[in-house]
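Visitor: Mind folding the following:
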Amino acid sequence: MNNWFKFVCFTLLAIFNAKINAQDKIIVGEKESVFSKILNENREIWIHLPKTYNDNSINPAKYPVIYLLDGEINFEYYAGMTDFLSKPPYADIPECIVVGIKNTERTRDLTPTKSQKKSPVNPNITLFSDSGGSENFTKFIQEELKPFIHKKYRAQDYSVLVGHSFGGLFAIHTFLTHPEAFNAYVANDPSLWWDNKVLISKTKDYLEKNKKFPAKKSLYVTQADNEEQQKNWDSDMTQAIDEFRTIVEKNGTLNYKHRFFEGEVHGTVSYPGNYEALKFVFKGFRTNIKEFAKNPGLLEEEYKRFSDTVGAEFIPSEPYLNVIIKFMKSNGFKESETYFMNVKNKLYPKTK
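Guide: The predicted structure is shown next:
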């Protein structure tokens with residue numbers, strides 16, 4: 001009897017500790033599986049939801065979606081980066097859903113044309129023989145992945161595509177061939193050398209046909225310090241990015257930024273690049289809470305201005321309005337407090 005009592009106590013203690021440990025875990029995201037008829041395979045997707053997503057004290061809201069290529073490499077740090085940059089009261093970006101797309105056949109999915117490049121060691125071997133499937137991959141994202149995300153999660157109709165290397169090549173190719181697919185594109189050290197710089201030709205063809213880039217779209221391109229760090233680096237990478245930059249900047253109709261990162265090589269540039277890209281894509285989103293005490297109407301004016309710039313509607317989030325109301329109350333700005341309470345009740349009416 002004594003041993004049985006000890007066993008029961010030990011079991012209950014183990015269960016209790018397991019629950020405590022489970023509660024102590026910090027969860028970055030969740031995994032989903034999407035079967036693609038287009039690609040004829042299951043695709044693993046990693047989802048990071050904003051911290052307020054499941055907050056029952058506020059009204060359910062919709063969030064912009066960032067589609068992150070090479071998810072298995074970039075997801076963990078990128079999720080934390082979006083949480084950090086969206087933290088009120090001085091958020092640089094809105095809270096976002098991050099969708100990390102894990103690779104299966106990376107070269108196939110991210111390259112726009114079939115490689116004809118022969119191995120310098122054995123001319124009978126074609127390098128990147130599985131290349132040229134980016135059109136199908138774009139179709140998968142547009143016709144299968146996006147509908148899945150919008151059906152299962154509260155996704156806003158504003159999206160960003162983020163890629164590095166071949167992923168950057170894919171982002172620029174998608175921008176040129178399907179500019180309507182995303183609102184903003186980020187290409188970190190893109191492999192624009194691909195197939196004798198085929199995307200340089202496509203960029204020239206696009207402008208010759210359309211005269212200018214589409215309105216209210218953003219493109220952010222980073223360039224690593226490859227030649228400085230590695231003297232033997234093939235300069236095709238650098239030359240192609242520079243050539244693309246010259247064409248885009250000469251046209252001058254696109255919300256475009258090129259950033260050279262001194263001291264960052266091809267494998268490291270995406271981390272600082274993604275941080276700066278988020279601030280560029282959402283430039284104008286940050287507001288100054290202290291100015292609202294004197295001019296409460298400025299909040300709605302600035303959100304309208306930002307919405308007009310990016311071509312999508314953004315409104316102050318309920319958590320941010322709560323922060324503003326608390327600030328006004330603690331600093332004795334009664335009229336401003338009342339004003340923002342009315343704004344909150346208008347945007348987020350209480351439901352019974």
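Visitor: From here on, just use CA atoms for contacts and neighbour counts.
Guide: Will do.
Visitor: what helix or strand is the residue minimising distance to the centre of the chain on?
Guide: Residue closest to the average C-alpha location in the chain (CA atoms, centre = their mean): residue 66, at 3.2 Å. Using DSSP states H and E, residue 66 sits within strand 63-68.
Visitor: hang on, residue 286 packs against residue 87?
Guide: No. Judged on CA atoms under 8 Å, residue 286 makes no contact with residue 87 at a distance of 10.6 Å.
Visitor: what about the two, which has more around it?
Guide: Set side by side, residue 286 and residue 87 show more neighbours around residue 286, with 19 against 15, by other CA atoms under 10 Å.
Visitor: Assign that one to helix, strand or coil.
Guide: coil (DSSP: H, G, I helix; E, B strand; the rest coil).
Visitor: quick one, what contacts it?
Guide: 90-93 (CA atoms under 8 Å, 6 or more residues apart in numbering).
Visitor: Give me the buried entries from those residues.
Guide: Buried subset of the contacts of residue 286 (neighbour count, 16 or more other CA atoms under 10 Å): 91-93.
Visitor: And the residue nearest to the centre of the chain, what's its pLDDT?
Guide: Looking at residue 66, its pLDDT is 98.
Visitor: circling back: and which of the contacts of residue 286 is nearest residue 130?
Guide: residue 93 (37.6 Å; CA to CA).
Visitor: for the spatially closest residue to the closest one that is not a sequence neighbour, phi and psi?
Guide: Nearest non-adjacent residue to residue 93, counting by CA to CA, 6 or more residues apart in numbering: residue 86, 5.0 Å away. Backbone torsions for residue 86, taken as degrees, to the nearest 10, come to phi -100, psi 10.
Visitor: Would you mind confirming that residue 86 makes contact with residue 94?
Guide: Yes. Counting by CA under 8 Å, residue 86 does reach residue 94; the two are 5.3 Å apart.
Visitor: How are the helices of the stretch 251-352 of the chain distributed by residue range?
Guide: Under the criterion DSSP state H, counting those that start in this stretch, helices of the stretch 251-352 of the chain are mapped to 270-281, 298-310, 318-330, 334-347.
Visitor: sorry, that was for the stretch 101-250 of the chain
Guide: Under DSSP H, counting those that start in this stretch, the stretch 101-250 of the chain gives helices at 106-110, 134-140, 146-152, 166-177, 194-210, 226-229, 236-251.
Visitor: Dump these to a markdown table, plus distance to residue 216, mean neighbour count and mean pLDDT.
Guide: Below are the helices of the stretch 101-250 of the chain laid out as a markdown table (distance: least, CA to CA, whole Å; neighbours: other CA atoms under 10 Å; pLDDT from 0 to 100):
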| stretch | distance to residue 216 | mean neighbour count | mean pLDDT |
| --- | --- | --- | --- |
| helix 106-110 | 25 | 21 | 97 |
| helix 134-140 | 21 | 19 | 98 |
| helix 146-152 | 21 | 13 | 98 |
| helix 166-177 | 13 | 24 | 98 |
| helix 194-210 | 15 | 15 | 95 |
| helix 226-229 | 32 | 16 | 60 |
| helix 236-251 | 15 | 16 | 93 |
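Visitor: Let's have those in JSON lines, adding distance to residue 311.
Guide: JSON lines is the format used below for these (distance: least, CA to CA, whole Å):
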{"stretch": "helix 106-110", "distance to residue 311": "27"}
{"stretch": "helix 134-140", "distance to residue 311": "22"}
{"stretch": "helix 146-152", "distance to residue 311": "19"}
{"stretch": "helix 166-177", "distance to residue 311": "16"}
{"stretch": "helix 194-210", "distance to residue 311": "20"}
{"stretch": "helix 226-229", "distance to residue 311": "35"}
{"stretch": "helix 236-251", "distance to residue 311": "21"}
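Visitor: Residue 329 is nearest to which of those helices?
Guide: The nearest among these, by CA to CA, is helix 146-152 at 37.4 Å.
Visitor: what residues does that closest one touch?
Guide: In contact with helix 146-152 (CA under 8 Å, 6+ apart) are residues 34, 155.
Visitor: Output that helix as PDB, restricted to C-alpha atoms.
Guide: The C-alpha trace of helix 146-152 is given here as PDB (Å, rounded to 0.1, in the frame of the first residue of the first chain):
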ATOM      1  CA  LYS A 146      -2.600  32.200 -50.400                       C
ATOM      2  CA  PRO A 147      -6.200  30.800 -50.400                       C
ATOM      3  CA  PHE A 148      -5.100  28.300 -47.700                       C
ATOM      4  CA  ILE A 149      -3.700  31.200 -45.600                       C
ATOM      5  CA  HIS A 150      -6.800  33.400 -46.100                       C
ATOM      6  CA  LYS A 151      -9.200  30.600 -45.300                       C
ATOM      7  CA  LYS A 152      -7.400  29.500 -42.100                       C
END
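Visitor: Pull the distance from that helix to the chain's centre.
Guide: Here the centre of helix 146-152 is set off from its chain's centre by 16 Å, with CA atoms, centre = their mean, to the nearest Å.
Visitor: what does the domain assignment say about this protein?
Guide: When the chain is parsed with automatic domain parsing, its domains come out as 28-286, 287-352.
Visitor: most tightly surrounded among those domains?
Guide: Mean neighbours per residue, mean count of other CA atoms under 10 Å, is largest over the domains of the chain for domain 28-286, with a mean of 18.
Visitor: Need the distance between the two termini of that one.
Guide: Terminal residues of domain 28-286 are spaced 25 Å apart (CA to CA, to the nearest Å).
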